[in-house]
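Visitor: got a structure for you, letters missing:
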């Protein structure tokens, strides 16, 4: 089974998990690691190790979803990746679309590497720009019907 650790600065990781759980329900083998003010790299390293130890015995691969490339949560996850016997993939740019898609598709992939590659595409597709100048009259009418 593929587990996931969400690692990020401040309250972002637990907030992201909480929001995704509202959409998809509470999921097994999901751990959260927060880098809080006053914590050093050693503290975060210990938190990551606690998260990995909390997985059920059937978790043999882990996706670490971090807020951004090059930050302390990413750097410490990279250190753990090189030290661990588990197959670990790190994906940056943590977001609701990525986490919800992870929940719905993790059992469809044999390796975390394949899953991470798939989720990278989800992240790109999930980023959209909607400009006011591109609004269509029909959409305006639809919103008027919904909003009264």
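Guide: Received it, and whenever you're ready, just let me know what you need. In this text, all values refer to a predicted model and were calculated from it rather than measured experimentally.
Visitor: and the end-to-end length of stretch 29-40?
Guide: End-to-end distance for stretch 29-40: 26 Å, by C-alpha to C-alpha, to the nearest Å.
Visitor: Determine how far that stretch lies from the middle of the whole chain.
Guide: 13 Å (C-alpha atoms, centre = their mean, to the nearest Å).
Visitor: List the contacts of it.
Guide: By C-beta atoms under 8 Å, 6 or more residues apart in numbering, the surrounding residues in contact with stretch 29-40 are 1-14, 17, 44, 47-48, 51-52, 54-56, 59, 71-73. Any C-beta I mention is one placed from the backbone N, CA and C, and that applies to glycine too.
Visitor: any chance you could map the helices in this structure?
Guide: 12-24, 41-53, 72-83, 96-105, 112-126, 137-147 (DSSP state H).
Visitor: Would you convert the ones you listed into CSV that also reports mean neighbour count and distance to residue 65?
Guide: Shown next, in CSV, are the helices of the chain (neighbours: other C-beta atoms under 10 Å; distance: least, C-beta to C-beta, whole Å):
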stretch, mean neighbour count, distance to residue 65
helix 12-24, 16, 8
helix 41-53, 16, 12
helix 72-83, 18, 9
helix 96-105, 18, 6
helix 112-126, 16, 8
helix 137-147, 9, 33
